[in-house]
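S.K.: Provided below are the primary sequence and the corresponding predicted coordinates.
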Amino acid sequence: MELTEFLMDRQFTKRREEIEELIPAKTILIDGKEVYLYNYTIDAMKNTFIEDSIVITQQPFSSEIPVHVHEFIELTYVFKGKCNTVINNKIIPLTEGTLVMIDKNTPHTVEATSKDDIVLSITLKKDYLSPSFLSRLSSSSIISIFLVDLLMESRESNRYLLFNSGKKEKIIEVVNNIVWEYFHKRIYSDEIINSYLVILFSELIREDEISQRHTHIPNSNNYTLIDFLQYIEENYQDCTLTSMAKHFNFHPNYLSNLLKKGTGKSFKDLLQLQKISKAGLMLLNSNLPIPEIADEVGYSSVTFFYKKFKQIFDMTPSDYRKQHSWDKGSG
């Protein structure tokens with residue numbers, strides 16, 4: 001049975017009174033308005049509570065869901081059809097294949113849908129867009145660090161993030177794999193779902209329209225910030241502002257201003273960040289002595305390397321290697 005047929009067979013409706021009976025009634029005031037506090041994940045189809053760290057539920061059609069908040073991240077995914085989600089009193093139309101990530105403690109609901117609309121709610125007790133989680137994805141890439149910072153800033157200001165309005169097939173495929181695996185659990189399903197979530201958020205960061213809007217720079221010969229950061233990533237061992245400016249046919253001062261304006265960091269800061277990030281990766285994935293790693297990433301002075309490493313990671317290279325080796329061994 002294919003996923004569409006499976007989910008269509010699961011379609012159901014629920015009156016608001018039935019939903020309120022199922023969830024313990026507790027309301028709080030946010031900006032002077034009363035909203036429900038739903039710190040539970042429930043299967044409204046089976047009338048049961050679910051305690052898992054990742055829960056996927058199907059939105060009942062023709063149902064009025066009260067405006068509510070909870071202390072976990074929620075992804076609303078339109079598998080088929082369309083819907084309107086309301087976040088902080090703002091109506092956001094969603095079409096097939098789009099996702100919206102709703103932050104913790106943000107008032108929201110989904111307006112009543114038709115029987116032909118399949119809307120899924122993916123609740124995540126773990127924050128897959130937190131700096132600590134994403135540091136594992138971006139430990140050797142200043143591009144990833146920059147994009148993650150951009151997304152976090154946008155999420156903090158808007159309380160939600162809209163993804164995949166461009167209908168990228170790869171993203172839809174990954175989400176559908178997560179949904180299928182969740183509803184057809186077998187041995188290692190939790191590990192597989194977790195791995196798919198890492199892939200999903202990596203793809204969302206890579207394809208995100210927020211990032212793409214912010215990485216275009218006017219008057220830069222059609223170059224983007226990503227082009228500049230990629231050059232630093234690929235040439236960090238011997239890159240200088242002068243050599244980089246020559247490569248892009250800019251005056252060094254002009255390039256320096258573009259980088260500072262676009263990333264909030266100077267060329268020197270970006271270069272150090274890339275070198276130290278690469279060193280961190282080498283500490284975890286090789287047995288090379290620390291002086292050799294310092295030399296490999298472009299530091300002639302081990303003392304200076306230690307100083308810069310501690311500034312960025314807040315610990316020495318040897319402590320970083322010990323701590324993360326222990327984490328790996330105990331995981």
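M.R.: Cool, the structure landed. Numbering: from 1, shown residues only.

S.K.: can we go C-alpha only for contacts and neighbour counts from here?
M.R.: Fine.

S.K.: how many residues are close by the nearest residue to residue 126 once chain neighbours are set aside?
M.R.: Nearest residue to residue 126, sequence neighbours excluded (Cα to Cα, 6 or more residues apart in numbering): residue 53, at 6.9 Å. Neighbour count of residue 53, defined by other Cα atoms under 10 Å: 12.

S.K.: quick one: contacts for residue 53?
M.R.: The contact partners of residue 53, by Cα atoms under 8 Å, 6 or more residues apart in numbering, come to 123-126.

S.K.: same question, residue 174
M.R.: So residue 174 contacts 196, 199-200 (Cα under 8 Å, 6+ apart).

S.K.: what residue ranges in this structure score low on pLDDT?
M.R.: Counting by pLDDT under 70, the chain contains low-confidence residues at 1, 23-24, 44, 47, 49, 127-141, 166, 209-220, 325-331.

S.K.: could you tell me which residues within stretch 101-109 count as buried?
M.R.: Buried residues in stretch 101-109, counted by 16 or more other Cα atoms under 10 Å: 101-109.

S.K.: now the residue nearest to residue 126: phi and psi?
M.R.: Dihedral pair for residue 53: phi -70, psi -20, per degrees, to the nearest 10.

S.K.: now it: how far from residue 264?
M.R.: 36 Å (Cα to Cα, to the nearest Å).

S.K.: same thing with residue 20?
M.R.: Distance, residue 20 to residue 264, using Cα to Cα: 47 Å.

S.K.: how about the closest residue in space to residue 237 that isn't next to it in sequence, what does it touch?
M.R.: Of all residues not flanking residue 237 in the chain, residue 298 sits nearest, at 4.7 Å (Cα to Cα, 6+ apart). The contact partners of residue 298, taken as Cα under 8 Å, 6+ apart, are 236-238, 275.

S.K.: make it 10 Å
M.R.: Going by Cα atoms under 10 Å, 6 or more residues apart in numbering, residue 298 touches 236-239, 272, 275-276, 279, 292, 305.

S.K.: of all those, which two lie farthest apart?
M.R.: Greatest spatial distance in the contacts of residue 298: 239 and 292, 19.1 Å, computed using Cα to Cα.

S.K.: residue 125: neighbour count?
M.R.: If you count neighbours by other Cα under 10 Å, residue 125 ends up with 16.

S.K.: give me phi/psi at it?
M.R.: Torsion angles, degrees, to the nearest 10, at residue 125: phi -70, psi -30.

S.K.: hang on, it packs against residue 75?
M.R.: No: if you go by Cα atoms under 10 Å, residue 125 and residue 75 don't touch, sitting 11.4 Å apart.

S.K.: and residue 225, how far is that from residue 262?
M.R.: 7 Å.

S.K.: how far off centre is stretch 57-67?
M.R.: How far stretch 57-67 lies from its chain's middle: 25 Å, per Cα atoms, centre = their mean, to the nearest Å.

S.K.: okay, buried residues for it please.
M.R.: Applying a neighbour-count criterion of 16+ other Cα under 10 Å, one finds 57-67 buried in stretch 57-67.

S.K.: out of these, which one sits closest to residue 8?
M.R.: residue 58 (10.2 Å).

S.K.: which element is the closest residue to the closest one other than its chain neighbours on?
M.R.: Nearest non-adjacent residue to residue 58, counting by Cα to Cα, 6+ apart: residue 120, 4.6 Å away. In this assignment (DSSP states H and E), residue 120 forms part of strand 118-124.

S.K.: ranges for the helices of the stretch 151-300 of the chain?
M.R.: In the stretch 151-300 of the chain, the helices defined using DSSP state H, counting those that start in this stretch lie at 169-183, 189-207, 209-215, 225-235, 241-248, 252-263, 267-285, 290-296.

S.K.: highest mean neighbour count out of those?
M.R.: Compared across these, helix 267-285 shows the largest average neighbour count, a mean of 20 (mean count of other Cα atoms under 10 Å).

S.K.: which elements pack onto that helix?
M.R.: Contacting helix 267-285 under the criterion 3 or more Cα pairs under 10 Å, 6 or more residues apart in numbering; DSSP states H and E are the following elements: helix 142-158, helix 225-235, helix 241-248, helix 252-263, helix 290-296, helix 302-313, helix 317-330.

S.K.: mind putting these into a markdown table with distance to residue 15?
M.R.: Converted to a markdown table, these look like this (distance: least, Cα to Cα, whole Å):
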| stretch | distance to residue 15 |
| --- | --- |
| helix 142-158 | 31 |
| helix 225-235 | 49 |
| helix 241-248 | 61 |
| helix 252-263 | 49 |
| helix 290-296 | 63 |
| helix 302-313 | 52 |
| helix 317-330 | 47 |
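
S.K.: closest one to residue 167 among those?
M.R.: Per Cα to Cα, nearest to residue 167 of those: helix 142-158, 18.9 Å.

S.K.: angle of that closest one against helix 252-263?
M.R.: 50 degrees (axes from the mean of the first three to the mean of the last three Cα atoms, to 10 degrees).

S.K.: so which bits of helix 142-158 are buried?
M.R.: 142-151, 155.

S.K.: distance of residue 46 from residue 65?
M.R.: From residue 46 across to residue 65, the span is 17 Å (Cα to Cα).

S.K.: repeat for residue 15
M.R.: From residue 15 across to residue 65, the span is 9 Å (Cα to Cα).
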